[in-house]
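Engineer: predicted model follows, preceded by the sequence.
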Amino acid sequence: MSERTLVLLKPDTVRRGLVGAVLGRFERKGLTIDALELRTLDGEMADRHYAEHVERDFYPPLRTFITSGPLVALVLSGDQAIEVVRTLIGVTDGRKAAPGTIRGDLSLSNRENLVHASDSPESAERELKLFFPDLG
């Protein structure tokens, strides 16, 4: 059964010129790009996206980072897309991510970890509505 997930290629991905390399990994895995948009998040959108983290100590630097420049928001679809994408990107801390994952091969830190991906069907539904409300 096909499902959709939201992926954000964070400002470090754009700044480092890795957008094509990361998109290629998703496409080579057989995922389909249903929507894609280059945008810069403002503080309000960052707060809405990371609502569960706003009160946490690590959030202010994350907010500064995620609003620091353009990112690529995209919708990927495919069989078990959420789980497949999460496996492809690797664990949050790029220094600890397995080789062969996007973060394991390309990320240099915990905060600047290249990619955000929905972690559950519920998160995907909320995040897709936030970033692509007209997708339907």
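Structural biologist: Received the coordinates, thanks.
Engineer: residue ranges with poor pLDDT in this protein?
Structural biologist: Along the chain, the parts satisfying pLDDT under 70 run over 136.
Engineer: how many neighbours does the nearest residue to residue 111 once chain neighbours are set aside have?
Structural biologist: Closest residue in space to residue 111, ignoring its immediate chain neighbours: residue 65 at 5.7 Å, by Cβ to Cβ, 6 or more residues apart in numbering. For the C-beta atoms, the positions are set from N, CA and C on the backbone; glycine is no exception. The number of residues packed around residue 65, counting by other Cβ atoms under 10 Å, is 16.
Engineer: residues of the helix or strand hosting residue 65 that come out buried?
Structural biologist: Assessed by DSSP states H and E, residue 65 sits inside helix 59-66. Neighbour-count burial for helix 59-66, counted by 16 or more other Cβ atoms under 10 Å, picks out 59, 62-63, 65-66.
Engineer: nearest the geometric middle of this structure, what residue?
Structural biologist: residue 116 (2.3 Å; Cα atoms, centre = their mean).
Engineer: now do the contacts for it.
Structural biologist: For residue 116, the contact set (Cβ atoms under 8 Å, 6 or more residues apart in numbering) comprises 6-8, 10.
Engineer: neighbour count and secondary structure for these - can I get that in CSV?
Structural biologist: Formatted as CSV, the contacts of residue 116 follow (neighbours: other Cβ atoms under 10 Å; DSSP: H, G, I helix; E, B strand; the rest coil):
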residue, neighbour count, secondary structure
6, 26, strand
7, 27, strand
8, 21, strand
10, 24, coil
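Engineer: can those go into TSV with extra columns for distance to residue 36?
Structural biologist: As requested, the contacts of residue 116 are exported to TSV (distance: Cβ to Cβ, whole Å):
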residue	distance to residue 36
6	11
7	9
8	11
10	15
